[in-house]
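In: Next comes the sequence, and after it the predicted model I'd like to discuss.
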Amino acid sequence: MLADALEHLVRGIVTHPDDVVVSDKDLRRGRMLEVRVNPEDIGKVIGRSGRTATALRTVVGALAGRDQVRVDFVDVDKGPRRGPGGPRRG
């Protein structure tokens, strides 16, 4: 339910809604929702100073209730970030 709600919200924000994929993963300390979007849309999903991403995380947190949920935003061309420096380019 959380993944579907988040996917619906993100599809309403982006230019390429068909590229939006939300995967739900269970972690030791809760759940993680990973949102993958088109590289052109990553700025729209994050927003100025991260305001849109924060708002999306707030909505998902409210829907989750007492469950711990983490939301990560990734563009389609890149994988999830690794370590403090993010993905390495070379």
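Out: Arrived safely, thanks for sending.

In: Which of the three states applies to Met32?
Out: What DSSP: H, G, I helix; E, B strand; the rest coil gives for Met32 is strand.

In: Would you mind finding the longest helix in the chain?
Out: Counting by DSSP state H, the longest helix found in the chain is helix 51-64.

In: Parallel or antiparallel, list what pairs with the helix or strand that it is followed by.
Out: Downstream of helix 51-64, the first helix or strand assigned by DSSP states H and E is strand 69-75. Within its sheet, strand 69-75 is paired with strand 30-37 (parallel), according to DSSP bridges.

In: May I see the buried residues of the longest helix of the chain?
Out: 52-53, 56-57, 60, 64 (16 or more other C-beta atoms under 10 Å). Every residue, glycine included, has its C-beta placed from N, CA and C.

In: Stretch 21-34 too?
Out: Neighbour-count burial for stretch 21-34 flags 22, 31-34 (criterion: 16+ other C-beta under 10 Å).

In: what's in contact with that stretch?
Out: With contact meaning C-beta atoms under 8 Å, 6 or more residues apart in numbering, stretch 21-34 is reached by 2-4, 6-7, 10, 35-36, 60, 64, 67-72, 74, 80.

In: CA atoms only: put the longest helix of the chain into PDB for me.
Out: In PDB, the C-alpha atoms belonging to helix 51-64 read as follows (Å, rounded to 0.1, in the frame of the first residue of the first chain):
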ATOM      1  CA  ARG A  51      11.500  20.200   0.000                       C
ATOM      2  CA  THR A  52       9.600  18.000  -2.300                       C
ATOM      3  CA  ALA A  53      11.500  14.900  -1.100                       C
ATOM      4  CA  THR A  54      10.900  15.900   2.500                       C
ATOM      5  CA  ALA A  55       7.200  16.300   1.800                       C
ATOM      6  CA  LEU A  56       7.000  12.900   0.200                       C
ATOM      7  CA  ARG A  57       8.800  11.300   3.100                       C
ATOM      8  CA  THR A  58       6.400  13.100   5.500                       C
ATOM      9  CA  VAL A  59       3.400  11.700   3.700                       C
ATOM     10  CA  VAL A  60       4.800   8.200   3.600                       C
ATOM     11  CA  GLY A  61       5.700   8.400   7.300                       C
ATOM     12  CA  ALA A  62       2.200   9.500   8.200                       C
ATOM     13  CA  LEU A  63       0.700   6.600   6.200                       C
ATOM     14  CA  ALA A  64       3.200   4.100   7.800                       C
END
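
In: That'll do, ta.
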